[in-house]
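*Asks:* Sequence first, then the predicted structure, then my questions.
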Amino acid sequence: MGKILWIDLTNESFEEQELSEEVYREYLGGYGLAAKLIYENMKPKVDPLGPEALLGFFPGILTGSAASLTGRFMVAGKSPLTGTWGDANCGGYFGPEIKKCGYDGIILKGIASTPKYIAIMDGEKKILDASEVWGLDGVEAEEKLLGKHPKSQIASVGQAGENKSLISGIITDKGRIAARSGLGAVMGSKNLKAIVLKGDKKVEVADNSLILEHAKEYNKTVKESEAGAIYLWKSLGTPWQNDVNTKLGDTPIRNWGGNSDDHFTLDQVEAITGPEINKYKEKEYGCFACPVRCGGIVKVPEVDIEESHLPEYETCGAFGHMLLNNDLMSIFKLNDLCNRAGMDSISAGGTIAFAVECFENGIIGLEDTNGLMLKWGNADAYIELLKKMINREGIGDILADGSKKAAERIGNGSEKYAIHSMGQELAMHSPKYYDSMGTTYAFDPTPGRHTAAGLDMFLSGPLSRSNGYIEGFAFPKRYKRKPEPRAEAFKMVVGLAQSLSCLGVCQFTLYFQKYPLLEFIKGVTGWDVDVGELIKTGLRIQALRQAFTLREGVKIAENEIPKRAVGINYKQEYERLSNKLGWNPENGYPLQETLKDLNLDYLIKDLY
Ligand code: SF4
């Protein structure tokens, strides 16, 4: 669309910024473009919950077009949870609406004097009083705002964001959350309840017939598929992994300290599998331009849920396996509470597991938990505890900022039960199963993330076959056995993963079939991008995210993940990867020649 919208909440003013085509080609959209603009315009070391903190909402560069599975957007800024660069990725329909309003991104600054919401309706921009919706959960707020602004798309914070919980996210589509990195707290700290968008612009593309030709072909195979990965996602959504990943040893059990032989057996998991969850599915839905439609709406009268989103695999793992809880009703309830309040279910589950282990080991007692029996598997207590976390009541106030902060407050040796990376709870994928996940959890500029760049997780799909995912992408020979080619393969995945996200592409494409990515890029932008450029662009974005984190004074190269989550020697893997990336493994700094090669010369004065 060629433009970014800056909104100053202190002065209630709007400003448009035009960008050159060169900037788009170098940073794409999503958090790549956000990182470029936020890095340049935000002073280092500002309070992420203060007026100088910037918060960006950026769709991918392909988002809003007919290209298959490209409907995603990203929220970006400094993470108040980890103190590093922070971003969170979400599907649904909010991302395309940013484009329809005429923008490739919206950046917020300042703090509103009283609770406000932003409304951009058919070109008219307003900052309006939010007192009627402040205090409501994300679903209630969205319904109320839709009454005033029909046919709009809405991003809001629930009570968790309003209460500046550092594990809160931003809600769209009545309960889908851009959840990680604690960016809901940043929005809440700005006294901003919601952004309401209804655009009247067409998303122009360079060659729509090229996009349609490839989208039709791709979508046809998706629709016809009756087996394999696409079918699993189509029929069950991500919970198809609930039992499969348990068998593999991928899903962490009992706060990362258990296993499926002794603590949470496959028989127990049977109660919370994809097919069991599917019995409550009322309808399927997909993100914008997605024929896979892995999302679902459930109705669960047993726990008074009229309409809620299907719990994702990550949520089932965090509230199920991690807590030795196979009470499916409670998982529906905990999921719904998180979706409405805007709390990250991975971090919420990880933090409750921390509290349970503290209770089981006598570090905290009933007098600390407001009478809640935080025993393994006590689902009713988890529901009450989550409500307290959302509302910052009693022990919930201590837990509302994640397990690291809670351990600092509780003391008494509790830190050994806080399973996090720089404050962010680890996702539901174990480095004991996916070797490279340890490196990613520890050393990605946004720590604790499973979607950041893990090599091994992406190898279960067509990417592992030469030209299997996109034409021209092939890993070096013997990368599965030899450290050097493996490090090169890891580097390629780091680049590819950043580019995919910043293009707005759903990462699930990596598990499906050959994807016409280069054709979609050409169709939308007119650019002839090859695989080499795609990877290099992703490496530029990764180096910039890293530079942001380093400029904040974070010693990321010294980070460690908890022993329970360690598989292979992740530090050695990181060292090899750093050398391939052209970064100094000692301190994580991209070398000067690397920065020059990536056209990031402007970072040299800050880092050196
Ligand atoms: S596969 Fe699922 S998450 Fe990905 S774009 Fe489609 S509906 Fe959204």
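*Replies:* All right, it came through fine.
*Asks:* alpha carbons only for contacts and neighbour counts from here, please
*Replies:* Will do.
*Asks:* where does the stretch 201-350 of the chain come near the ligand, residue by residue?
*Replies:* Counting by CA under 6 Å from any ligand atom, the residues of the stretch 201-350 of the chain close to the ligand are 286, 287, 290, 292, 293, 294, 295.
*Asks:* Could you report the neighbour count for residue 413?
*Replies:* Counted with other CA atoms under 10 Å, residues neighbouring residue 413 total 11.
*Asks:* Against residue 565, how distant is it?
*Replies:* According to CA to CA, to the nearest Å, residue 413 and residue 565 sit 18 Å apart.
*Asks:* Please apply the same query to residue 245.
*Replies:* The gap separating residue 245 from residue 565 is 16 Å, by CA to CA.
*Asks:* ok, now which ones touch residue 300?
*Replies:* Residue 300 makes contact with 280, 306, 307, 329, 332, according to CA atoms under 8 Å, 6 or more residues apart in numbering.
*Asks:* same check, this time on residue 204
*Replies:* Contact partners of residue 204, counting by CA under 8 Å, 6+ apart, are 1, 524.
*Asks:* Report the secondary structure state of it.
*Replies:* At residue 204 the chain is in coil, as set by DSSP: H, G, I helix; E, B strand; the rest coil.
*Asks:* Can you name the residue of the stretch 401-550 of the chain nearest to the ligand?
*Replies:* Going by CA to the nearest ligand atom, the ligand is nearest to residue 506 of the stretch 401-550 of the chain, at 4.7 Å.
*Asks:* what's the weakest-modelled helix or strand in the chain?
*Replies:* Of all helical and strand segments in the chain, the minimum by mean pLDDT, DSSP states H and E falls on helix 455-458, at a mean of 93.
*Asks:* what does that helix contact?
*Replies:* By CA under 8 Å, 6+ apart, the residues outside helix 455-458 that reach it are 434, 435, 436, 437, 464, 489, 490, 493, 494, 510, 511.
*Asks:* what number of residues lie near the nearest residue to residue 199 once chain neighbours are set aside?
*Replies:* Excluding its sequence neighbours, the residue lying closest to residue 199 (CA to CA, 6 or more residues apart in numbering) is residue 101, at 3.9 Å. Counted with other CA under 10 Å, residues neighbouring residue 101 total 23.
*Asks:* Quick check: phi and psi on residue 101?
*Replies:* In terms of degrees, to the nearest 10, the main-chain angles of residue 101 are phi -80, psi 0.
*Asks:* In contact with it, which residues?
*Replies:* Counting by CA under 8 Å, 6+ apart, residue 101 makes contact with 120, 121, 122, 123, 197, 198, 199, 200, 201.
*Asks:* And the fifth one, what's its pLDDT?
*Replies:* Residue-level confidence at residue 197 comes out at 98, pLDDT.
*Asks:* swap in residue 454?
*Replies:* If you check residue 454, the pLDDT there is 82.
*Asks:* residues in contact with it?
*Replies:* By CA under 8 Å, 6+ apart, the contact set of residue 454 is 436, 437, 439, 440, 490, 493, 494.
*Asks:* make it 6 Å
*Replies:* Residue 454 makes contacts with 436, 437, 440, as judged by CA atoms under 6 Å, 6 or more residues apart in numbering.
*Asks:* what does this protein put close to the ligand?
*Replies:* Taking CA under 6 Å from any ligand atom, the part of the chain that reaches the ligand is made up of 69, 91, 286, 287, 290, 292, 293, 294, 295, 506, 508.
*Asks:* Let's see that with 8 Å instead.
*Replies:* Residues of the chain found near the ligand (CA under 8 Å from any ligand atom) are 68-72, 91-92, 233-234, 237, 285-295, 505-509.
*Asks:* For the residue in the stretch 51-200 of the chain that the ligand sits nearest to, what are phi and psi?
*Replies:* When scored by CA to the nearest ligand atom, the stretch 51-200 of the chain has residue 69 as its residue closest to the ligand, at 4.4 Å. Residue 69 has phi and psi values of phi 60, psi 50 when expressed as degrees, to the nearest 10.
*Asks:* what's the closest non-adjacent residue to it?
*Replies:* residue 290 (4.6 Å).
*Asks:* First residue to last residue on stretch 577-592, what's the distance there?
*Replies:* End-to-end distance for stretch 577-592, by CA to CA: 17 Å.
*Asks:* Report the distance from it to the chain centre.
*Replies:* From the chain centre to the centre of stretch 577-592 is a distance of 25 Å (CA atoms, centre = their mean, to the nearest Å).
*Asks:* and that stretch, which residues are buried?
*Replies:* For stretch 577-592, burial by neighbour count (16 or more other CA atoms under 10 Å) applies to 577-585, 588-592.
*Asks:* Export those to TSV and append columns for pLDDT and secondary structure.
*Replies:* Converted to TSV, these look like this (pLDDT from 0 to 100; DSSP: H, G, I helix; E, B strand; the rest coil):
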residue	pLDDT	secondary structure
577	97	helix
578	98	helix
579	98	helix
580	98	helix
581	98	helix
582	98	coil
583	98	strand
584	98	coil
585	96	coil
588	98	coil
589	98	coil
590	98	strand
591	98	coil
592	98	helix
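*Asks:* Now the one helix or strand residue 519 maps to - C-alpha only, CSV.
*Replies:* Using DSSP states H and E, residue 519 maps to helix 517-525. Coordinates of each C-alpha in helix 517-525 appear next as CSV, following Å, rounded to 0.1, in the frame of the first residue of the first chain:
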residue,chain,number,x,y,z
LEU,A,517,5.9,-18.8,-2.9
LEU,A,518,8.1,-17.2,-5.5
GLU,A,519,5.1,-16.9,-7.9
PHE,A,520,3.0,-15.4,-5.2
ILE,A,521,5.7,-12.8,-4.4
LYS,A,522,6.0,-12.0,-8.1
GLY,A,523,2.2,-11.8,-8.4
VAL,A,524,1.8,-9.4,-5.5
THR,A,525,5.0,-7.2,-5.9
